[in-house]
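Peer 1: next one to model:
(2 chains)
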Amino acid sequence: MTTAQYRYAARTLLGDALRSAFGAGACVLLLSQSPPPVVAGITGAFLVLFAWFGVRTAIRRLMIIEIDDRAIRCCAPYQTTIAWDDLTGVKLRYYSTRRDRRAGWMELLLTSSSGKLRLESTLTGFDRIAQAVAAAVRHRQIVADDGTITNFLALGCDPGPDGQRP
Amino acid sequence: MISYLVRRILIMIPTLLVISVIIFTIIQLPPGDYLSTMVAELQARGESIDQGRLHFLRETYGLDQSPVERYGHWIAGLAHGDFGWSFEYGMPVRDVVGDRLLLTVIVSGATVLFIWLVSFPIAIYSATHPYSWGDYTLTLIGFLGLATPSFLFALVLLYLANVLFGLPIGGLMAPAYQDAPWSWGKVLSILSHLWLPVIVIGSSGTAGMIRRLRANLMDELNKQYVVTARAKGLSPTRLLIKYPLRLALNPFIADIGAILPQIISGAAVVSIVLSLPTEGPMLLDALRSQDMYLAGSFLMFMAVLTVVGVFLSDIALALLDPRIRLGGGVRR
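Peer 2: The predicted structure is shown next:
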């Protein structure tokens, strides 16, 4: 049985760290101008969002994902294990801020009775993880939504029998 | 989703800054300023103004500063709710504008709601009953809505509302509430007057939406997966709601961002015809008289509304259809 380890590379998280810092800085700058209450409320909410995003980016830098024949697990900074046999739900989402929907990224959400694991395509070895998840979906005959199936197929993974394809 | 939200919000900041620069530049483009226009008008009437007073006013209004300095003061003021000084009214823009921005938001929001509520069921009916009498009738009404100028439609409705139902002509509330503080009576008065401008402003948008949703839905209904689902015995309503309607909704939602500026700019002319106390007529006057801070604040408000509208429609689209497009490519 082979175990593979994957991490988020610092280079890929640098953009997110800068986004978080720039966004939080802009919000603090605006709040320091004592804006009207409505604007202050919205800016405050944005500040919380950027701060949360910064914390999440830091957590991702520390994250270590392990995958083997039995399960996928997050070993650090917190422990989560999703055994393939316990997998109950899979969502693979694609996001892009561009009008032509190019240069986007994917987000994989795995759900089981023991917890949830959310991974982004900036993770090294995301393709291999997606293949393993698709195999588990196929094996356990999990019903995935149309968007998830389309996104798996775009990655070259087949998550189910032909009947599931949109 | 949080990554998407953060990136999308960060795009809004430079967008609004660039828009503010463009707005300020365009307002500065006509030769002269508010004071030179005022002096020219006085001279045309054979009157004159003391040069010392003119210099004093120029200093007071900051018109002696460079455009860059004026932009800096304006944008810094906007950050803490100071929209600048209206030259024409001789008071802060915030006081001049009063409730107009809120009323504009109410009219625009109600119009978007009207467009959705009316076009959605009509488009579904037309797509599921294509080339029927009902479809032809609704299509004809849709084309009429698209082709009729809003101001003309406004005049016709005003006449009919007054002659047939005895309703008051124009305005967004009863005259007694016009300068009164906000109360339930005022809210009810606005609600009772709102239907006319909403129908007038929303008619062309509704017709356009019906055409787009009908075309998208008809495309989806002709696809193989729909035939397969029918053959497997899925009920028509469940099939419609679960698959083709969801996919056909994408352009419908994407249009929210495009509708808002159309509604606001279209509402400017209608507001003059219907005597609505919204921003349209005041913006027109401010642009004519080069009342730059008043005009700039209105235009900036419209820009914010549009950018927020596009932001909301993008989020709705991301939630509704998070699928990759063929040839899209994922960033690593």
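Peer 1: for chain A, which segments are assigned as helices?
Peer 2: For chain A, helices defined by DSSP state H occupy the ranges A:10-32, A:37-62, A:126-140, A:146-154.
Peer 1: put together a markdown table for these, with mean pLDDT, mean neighbour count and distance to chain B on each row.
Peer 2: (C-beta placed from N, C-alpha, C; glycine too.) Below are those laid out as a markdown table (pLDDT from 0 to 100; neighbours: other Cβ atoms under 10 Å in any protein chain shown; distance: least, Cβ to the nearest Cβ, whole Å):
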| stretch | mean pLDDT | mean neighbour count | distance to chain B |
| --- | --- | --- | --- |
| helix A:10-32 | 89 | 16 | 6 |
| helix A:37-62 | 90 | 16 | 5 |
| helix A:126-140 | 86 | 19 | 7 |
| helix A:146-154 | 83 | 22 | 4 |
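Peer 1: in a markdown table, list the ones you listed along with distance to B:E41.
Peer 2: A markdown table is the format used below for those (distance: least, Cβ to Cβ, whole Å):
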| stretch | distance to B:E41 |
| --- | --- |
| helix A:10-32 | 39 |
| helix A:37-62 | 37 |
| helix A:126-140 | 68 |
| helix A:146-154 | 62 |
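Peer 1: so which of those gets nearest B:D82?
Peer 2: Nearest to B:D82 among the helices of chain A is helix A:37-62 (11.9 Å), distances taken as Cβ to Cβ.
Peer 1: could you chop the chain up by domain?
Peer 2: In the absence of a named chain, this looks at chain A. With domains defined by automatic domain parsing, chain A comprises A:4-61, A:69-159.
Peer 1: you answered for a different chain; I wanted chain B.
Peer 2: Split by automatic domain parsing, chain B gives B:2-91, B:100-276.
Peer 1: can you count the residues close to B:R246?
Peer 2: Summarising burial for B:R246: neighbours were counted as other Cβ atoms under 10 Å in any protein chain shown, giving 15.
Peer 1: give me every residue that touches it.
Peer 2: Neighbour list for B:R246: B:L320, B:D321 [criterion: Cβ atoms under 8 Å, 6 or more residues apart in numbering or on different chains].
Peer 1: thinking again about what came up before, B:S192: which of the domains of chain A is closest?
Peer 2: Using Cβ to Cβ, those put domain A:4-61 closest to B:S192, at 27.1 Å.
Peer 1: any idea how far apart the tips of the closest one sit?
Peer 2: With Cα to Cα, to the nearest Å as the measure, domain A:4-61 spans 17 Å from end to end.
Peer 1: picking that back up, with mean pLDDT added, can I get the domains of chain B in a markdown table?
Peer 2: What follows is those, written out as a markdown table (pLDDT from 0 to 100):
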| stretch | mean pLDDT |
| --- | --- |
| domain B:2-91 | 79 |
| domain B:100-276 | 80 |
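Peer 1: what's the most buried one of these?
Peer 2: domain B:100-276 (a mean of 17; mean count of other Cβ atoms under 10 Å in any protein chain shown).
Peer 1: that one: how far from the chain's middle?
Peer 2: Put simply, domain B:100-276 sits 13 Å off its chain's centre (Cα atoms, centre = their mean, to the nearest Å).
Peer 1: could you tell me the end-to-end distance of it?
Peer 2: By Cα to Cα, one end of domain B:100-276 lies 9 Å from the other end.
Peer 1: repeat for stretch B:54-71
Peer 2: Start and end residues of stretch B:54-71 are separated by 22 Å (Cα to Cα).
Peer 1: pull the residues that contact that stretch.
Peer 2: The list of residues contacting stretch B:54-71 from outside it, by Cβ under 8 Å, 6+ apart, reads B:S20, B:V21, B:F24, B:T25, B:Q28, B:D33, B:Y34, B:L35, B:V39, B:H73, B:W85, B:F87.
Peer 1: let's see it at 10 Å
Peer 2: The contact list for stretch B:54-71 (Cβ atoms under 10 Å, 6 or more residues apart in numbering or on different chains) reads B:20-21, B:23-25, B:27-28, B:33-36, B:38-39, B:48-50, B:72-74, B:84-85, B:87, B:292-293, B:296.
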